[in-house]
Structure formats: structure tokens, C-alpha cells
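**Q** Test case, fold it:
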Amino acid sequence: MKIKLFLVLTILFSTLVIPKEKKEIKVFGNCGMCKKKIEKSLKIKEVYNSKWDQKSKMISVVYNEKSISLDSLEKRIAAAGYDTEHYKAKDEVYNELPGCCLYRTVEEH
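**A** Here you go, the predicted structure:
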């Protein structure tokens, strides 16, 4: 019983002391497939949660600000082929996206 209590308290305490920052980033995309790819680009240990909204084109990110910068997160998104406010995806990466995800030339779905 003491061991279980110790583990619960340890886990609870560790979640309280981890520095967390919540920010929003403008990310251009069109569809549900874009959502999956954008969110997948931030599936790293420093990011606790990310959710992209197709209508607003905003991704909400909860991350460890001591381990990674917002700038680095935007670069990861751009490397996946999606433009942000501050970084443009390389054309060769963007052109490899599925047709429905080509947000620079296709109307929104």
C-alpha cells in the first residue's frame, strides 16, 4: 500500500513541476489529412498535447518550454510541408503532400 501511495504521489508531483506552456500557432492546411500530419509533426516528448483547428487554421500546443522553443515547433511543422506565420515549407516537401492538402493552390474543403 505504501508503495502505491508513493508512486501516485511521485507521478502527481512530477506533473506539477514540469514547466508547461500553452501557445497557438497559425498553420495553413485544408482537410482532415492535414490535421493528422500537422499534429503528427509535433508528436515528440517535449509536446504534451497539440490540436489543429481546420476552420481557424490555429494549432494549440502544450509543451515543455525549457526543452524546446516555439520557434523549433514551427520549424517542425514547416518541415512536414505546412506553412506557419513565420516559416514557409520547402516547395519540394509541400509538393509531396496529397492533392487535397495543397493549400496554396486548392480551395478549402
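**Q** separation between the residue minimising distance to the centre of the chain and residue 80?
**A** Nearest to the mean C-alpha position of the chain, counting by CA atoms, centre = their mean, stands residue 42 at 3.9 Å. Relative to residue 80, residue 42 is positioned 9 Å away (criterion: CB to CB, to the nearest Å). Where you see a C-beta, it was placed from the backbone N, CA and C, and this is true even at glycine.
**Q** Skipping adjacent residues, who's closest to the residue nearest to the centre of the chain in space?
**A** Closest residue to residue 42 apart from its sequence neighbours, by CB to CB, 6 or more residues apart in numbering: residue 50 at 4.4 Å.
**Q** Name the residues of the strand or helix carrying that neighbour that are buried.
**A** Secondary structure from DSSP states H and E places residue 50 in strand 47-53. The neighbour-count check on strand 47-53 (16 or more other CB atoms under 10 Å) flags 47, 50, 52 as buried.
**Q** Does the second one have any beta-bridge partners, and if so which?
**A** Listed beta-bridge partners, residue 50: residue 61 (assigned using DSSP bridges).
**Q** re earlier: from the buried residues of strand 47-53, pick the one nearest residue 76.
**A** When the buried residues of strand 47-53 are compared for distance to residue 76 (CB to CB), residue 47 wins out at 9.0 Å.
**Q** contacting residues for that closest one?
**A** 61-64, 68, 73 (CB atoms under 8 Å, 6 or more residues apart in numbering).
**Q** Pipe the residues you listed into CSV and attach pLDDT, distance to residue 23 and neighbour count per row.
**A** Listed next are the contacts of residue 47 as CSV, based on pLDDT from 0 to 100; distance: CB to CB, whole Å; neighbours: other CB atoms under 10 Å:
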residue, pLDDT, distance to residue 23, neighbour count
61, 97, 6, 25
62, 96, 8, 14
63, 96, 8, 24
64, 94, 12, 15
68, 95, 11, 18
73, 98, 8, 22
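**Q** Take these and lay them out in TSV including distance to residue 88.
**A** Shown next, in TSV, are those (distance: CB to CB, whole Å):
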residue	distance to residue 88
61	19
62	25
63	22
64	26
68	21
73	15
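**Q** And the residues you listed, which two are furthest apart?
**A** 62 and 68 (11.8 Å).
**Q** Right, I'll leave it there.
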